[in-house]
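Asker: Pasted the sequence and its predicted model underneath.
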Amino acid sequence: MMKKTIMALVLLLALILAGCKAPEEQVNETIEEEEVVVQEEAELVSNLNCANGVITATITNTGEETIDLSKDIRVIVRGLVVANKIIECEKTTLKPGESTLCSKLNGVYPVVESNALVIRFGTEQILMDVTCK
């Protein structure tokens, strides 16, 4: 008898809880997203190469302000963030329109046959697939 009473109470409680949903509130929220401008490969990154386990490329400042590559560039290879201090560039400061050759864009991460690479300065970014043999 006690088991039946407990089971009935549990069933009743489950039915009550299942039918007692709080009304969903409608939220009118504006989400501000940062605008990202995707540049053509030839503008921001050119001469992309992968040899001897190292990804290299020429990086061009396509913006209107001087950039410091040691702080302003973000490189992600296969979803892994590469520390700026590992990337080696001939110049670290680029005025608008200037270019430099950078190596070790893969940082300490070993390359594989196909490497998804993202290079970003501020709101400009480029997405590439780098094939290494």
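Answerer: Sure, I can see it. Note that the structure is predicted; figures quoted are calculated from it, not measured.
Asker: and the nearest residue to residue 98 once chain neighbours are set aside, what does it touch?
Answerer: Distances taken as Cβ to Cβ, 6 or more residues apart in numbering put residue 61 closest to residue 98, at 5.5 Å, once the chain neighbours are dropped. (Each C-beta comes from the backbone N, C-alpha and C, glycine too.) Residue 61 sits next to 67, 94, 95, 96, 97, 98, 99, 121 when contact means Cβ atoms under 8 Å, 6 or more residues apart in numbering.
Asker: make it 10 Å
Answerer: 44, 67, 69, 72, 91, 93-100, 121, 124 (Cβ atoms under 10 Å, 6 or more residues apart in numbering).
Asker: Please state the backbone phi and psi of the spatially closest residue to residue 66 that is not a sequence neighbour?
Answerer: The shortest distance from residue 66 to any non-neighbouring residue, by Cβ to Cβ, 6+ apart, is to residue 95 (5.0 Å). Main-chain dihedrals, residue 95, degrees, to the nearest 10: phi -80, psi 160.
Asker: What ranges does this protein have for its strands?
Answerer: Taking DSSP state E as the test, the strands found in the chain are 37-38, 45-51, 54-60, 67-68, 73-77, 80-82, 88-89, 93-94, 99-103, 114-121, 124-131.
Asker: Mean neighbour count and distance to residue 5 added to those strands, as TSV?
Answerer: Formatted as TSV, those follow (neighbours: other Cβ atoms under 10 Å; distance: least, Cβ to Cβ, whole Å):
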stretch	mean neighbour count	distance to residue 5
strand 37-38	12	66
strand 45-51	15	73
strand 54-60	21	71
strand 67-68	16	74
strand 73-77	19	61
strand 80-82	15	59
strand 88-89	17	76
strand 93-94	18	79
strand 99-103	17	75
strand 114-121	18	61
strand 124-131	16	64
